[in-house]
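Q: My questions are about this predicted structure, shown below with the sequence.
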Amino acid sequence: MQFQKKLGIRHSQLLKTINKFKGLNFRQQVIYKNKNFVVINDSKATSFSSTINILESLNKVHWLIGGIPKSGDNFFMSKKKCINFKAYIYGKNKNHFIKILKNKIRYEYFKNLKSALKKTIYDIKNEKNQIGNTILFSPSAASFDSYKNFEDRGKKFNELFKKLYLNK
């Protein structure tokens, strides 16, 4: 409790502030959750290194990935850790992502994010055991090929998910 004296913060005030913290928009933001799956918008993830931590904490992952990759960025997860992952690669830079992921993760390629998300939702709906799935939108790349910035990309993802899944 010495930090409280040094900073002049009461314990109750510190707890109140921590409990109010909601996190950053589009940084591992849970946008939907039901008994079968959760949807996480991590549009802020613009490199593999910013995606790996969340991947390591999940099990049945349907990972949407695409955009402008960062030079020299690499994916340092073993094939064994990725056994329950499937990547839905979208956009013009498919060859870059395929080259890095091809011997580690099952993947499919799509022209755009909408097509990739449609297939992701379809795949989950058709699984025998739907419980415990995660749709992870963590592009691991810059957004400037199709969006103004990661915030614009994150908003568009949320809108697409609502349109494709919730408005049926």
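A: That came through, no problem. Residues are numbered from 1 along each chain as shown.
Q: that's a strand at V30, yeah?
A: Yes - assessed by DSSP: H, G, I helix; E, B strand; the rest coil, V30 belongs to a strand.
Q: Surely it and D42 touch.
A: No - here V30 does not reach D42: they are 10.1 Å apart, not a contact under C-beta atoms under 8 Å. In short, each C-beta sits where N, CA and C put it, glycine included.
Q: and the closest residue to Q28 other than its chain neighbours, what is it in contact with?
A: Closest residue to Q28 apart from its sequence neighbours, by C-beta to C-beta, 6 or more residues apart in numbering: D42 at 5.1 Å. Neighbouring residues of D42 by C-beta atoms under 8 Å, 6 or more residues apart in numbering: 26-29, 50-51, 54, 136-139.
Q: same thing with K44?
A: Here K44 is in contact with 24, 26-27, 50, 150, 154 (C-beta under 8 Å, 6+ apart).
Q: can you redo those residues as JSON lines with pLDDT?
A: Listed next are those as JSON lines, based on pLDDT from 0 to 100:
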{"residue": "L24", "pLDDT": "69"}
{"residue": "F26", "pLDDT": "84"}
{"residue": "R27", "pLDDT": "86"}
{"residue": "S50", "pLDDT": "93"}
{"residue": "F150", "pLDDT": "95"}
{"residue": "G154", "pLDDT": "96"}
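Q: Could you single out the nearest of these to G8?
A: When those are ranked by distance to G8 (C-beta to C-beta), L24 comes first, at 26.6 Å.
Q: just to revisit the earlier point, can you tell me how far the residue nearest to Q28 is from S12?
A: 33 Å (C-beta to C-beta, to the nearest Å).
Q: Check whether K155 sits in a helix, strand or coil.
A: Quick answer, by three-state DSSP: K155 is helix.
Q: Helices of this structure, start to end?
A: Using DSSP state H, the helices of the chain run over 2-7, 11-20, 49-56, 94-101, 113-125, 150-161.
Q: Report the mean confidence score over the fifth one.
A: Mean per-residue pLDDT for helix 113-125: 95.
Q: and that helix, what does it pack onto?
A: strand 60-66, strand 85-90, strand 106-110, strand 133-137, helix 150-161 (3 or more C-beta pairs under 8 Å, 6 or more residues apart in numbering; DSSP states H and E).
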